[in-house]
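Novice: Have a look at this prediction, sequence included:
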Amino acid sequence: MNKPEYGNVTESIELSLPVNAAYVSTARLTASSIANRQGFDIDEMEDIKAAVSEACTYVIRKSHGGGSGLFRLVFDIGDGFVAISLSSDNANGTADDEEMSILMIKALMDDTVVKADGGRLSIQMRKTHQVMEL
């Protein structure tokens, strides 16, 4: 998947999960753990978890077969940011930027790109750690 360039990626974590809503909590817990490790505050972690939930639900809803196959998450970690990519090769329909899930993700994350091409659906999003200076 071609991802937008967000900066120097120091680590990547990949998950492949079944196209099943029961595994959304696994994606949320992973996102929360990564965000915590990167020093994001509670509000930023909640934004990331909510965006990951919405993105997973969107990909699952758009997938063929009602629960068959896998979707993939990649967490790219860099200095002060986390970039998250979700993709499925068995999606149907088109990406709708006006759908509530996508609007919510865009409100929660700093950057969001949604693409659908044939049976492939991808969502890329990034959150930058906002350091408060005193």
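Specialist: Sure, I can see it.
Novice: Next secondary structure element downstream of the lowest-mean-pLDDT helix or strand in the chain?
Specialist: In the chain, no helix or strand scores lower on mean pLDDT, DSSP states H and E than strand 111-117, which sits at a mean of 91. Remark: after strand 111-117, the chain's next helix or strand is strand 120-128, criterion DSSP states H and E.
Novice: by contact count, what packs against that next one?
Specialist: With contacts defined as 3 or more Cβ pairs under 8 Å, 6 or more residues apart in numbering; DSSP states H and E, the packing partners of strand 120-128 are helix 42-62, strand 81-88, helix 100-108, strand 111-117. All C-beta spots, glycine's among them, are computed from the backbone N, C-alpha and C.
Novice: now that strand, how far from the chain's geometric center?
Specialist: 5 Å (Cα atoms, centre = their mean, to the nearest Å).
Novice: Give me the contact list for it.
Specialist: For strand 120-128, contacts defined as Cβ atoms under 8 Å, 6 or more residues apart in numbering pick out 1, 3-4, 6, 35, 40, 44, 47-48, 51, 55, 58-59, 62-63, 80-89, 91, 95, 102, 105, 108-116.
Novice: can I assume Arg72 sits in a helix?
Specialist: No: read with DSSP: H, G, I helix; E, B strand; the rest coil, Arg72 is strand and lies in no helix.
Novice: one step back: check which helices and strands the least confident helix or strand of the chain sits against.
Specialist: Using 3+ Cβ pairs under 8 Å, 6+ apart, strand 111-117 sits against helix 100-108, strand 120-128.
Novice: residue ranges with poor pLDDT in this structure?
Specialist: 1-7, 64-68, 93-94, 131-134 (pLDDT under 70).
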